[in-house]
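Trainee: take this sequence and fold it.
(one chain, ligands or ions: 1)
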Amino acid sequence: MSTLLVIESSPRAASISKALTHKFAAEWQQKNPGGQIVIRNVFASPASFVTDAWIAAAYTPADVRTPEQVQILKESDDYIAELVAADTIVIGAPMHNFGISAPLKAYIDQIVRVGVTFTYGPDGYKGLLDGKKKAIVAAARGGAYSGDSPVAFLDQQTPYLKLVLGFIGLTDLHFAYAENQSRLELAEAGEKAGVAQVLALV
Ligand SMILES: Cc1cc2nc3c(=O)[nH]c(=O)nc-3n(C[C@H](O)[C@H](O)[C@H](O)COP(=O)(O)O)c2cc1C
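Mentor: Residues are numbered from 1 along each chain as shown. Take a look at the predicted model:
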């Protein structure tokens, strides 16, 4: 059975990134009638910040971790198990101050784990999630930065997510953009374009 993991990270009830991930999930379900959809809303249930104790636990070899350390990493283990179990991952990403939302960042800090989602050696870093998994970012933003936009350099969402998701092995990565959400007269067309882009990725 195939599994779709939907990650939501917007604080807004009328979230456009969420509208896009919902459209994606509905279309995906049509194409995968027996498929399972798992929703992880990291705004509604925020990921814990990484702490000193978390770092110590993550860098302690698994076989010598104390019961407390095992407990500290359980949240991270659960998120990573969802990623491993998914065949397709769609991430709703609102642009906040040119980058990703704080809830999404806290979640990413929990899933980037040495020895679990990445490793390093003499040949450098290697992502450990299966590169055959398809990952889609459904990004919503107030302005327009994609294509040949003269302000493309302001977009810190796309390069960061490309880097960090690629770092843990999610290299089959695609982006859909709902742009101009802060421009009243352009917002609807921006959302429509984003929906068309995300549906083309199902
Ligand atoms: C706190 C905050 C910061 C934002 N920062 C930016 C920004 O830097 N650039 C931009 O184009 N839009 C920005 N916006 C607009 C959002 O990207 C836009 O409303 C988008 O639709 C958010 O996604 P959502 O609808 O899924 O919440 C910001 C919105 C909020 C609430």
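
Trainee: what is the end-to-end distance of stretch 24-41?
Mentor: 16 Å (C-alpha to C-alpha, to the nearest Å).

Trainee: mind listing what's buried in that stretch?
Mentor: Across stretch 24-41, burial judged by 16 or more other C-beta atoms under 10 Å covers 24-25, 27-28, 32, 35, 37, 40. Placement of C-beta: from N, CA and C, glycine included.

Trainee: need the contact partners of it.
Mentor: For stretch 24-41, the surrounding residues in contact (C-beta atoms under 8 Å, 6 or more residues apart in numbering) are 1-9, 79, 82, 85-86, 88, 90, 107, 136, 138, 198-199, 201-202.

Trainee: list buried members of those by neighbour count.
Mentor: The buried subset of the contacts of stretch 24-41 (16+ other C-beta under 10 Å) comprises 4-9, 79, 82, 86, 88, 90, 107, 136, 138, 198, 201-202.

Trainee: so how far is the ligand from residue 96?
Mentor: According to C-beta to the nearest ligand atom, to the nearest Å, residue 96 stands 4 Å off from the ligand.

Trainee: was I right to think that residue contacts residue 105?
Mentor: No. If you go by C-beta atoms under 8 Å, residue 96 and residue 105 don't touch, sitting 9.4 Å apart.

Trainee: for residue 162, see how far away the most centrally placed residue in the chain is.
Mentor: Closest to where the C-alpha atoms of the chain average out (C-alpha atoms, centre = their mean) is residue 91, at 4.1 Å. Per C-beta to C-beta, to the nearest Å, residue 91 is found 12 Å from residue 162.

Trainee: ok, the residue nearest to the centre of the chain - contacts?
Mentor: 7, 9, 21, 104, 135-138, 161.

Trainee: now do 6 Å
Mentor: Residue 91 makes contact with 7, 137, according to C-beta atoms under 6 Å, 6 or more residues apart in numbering.
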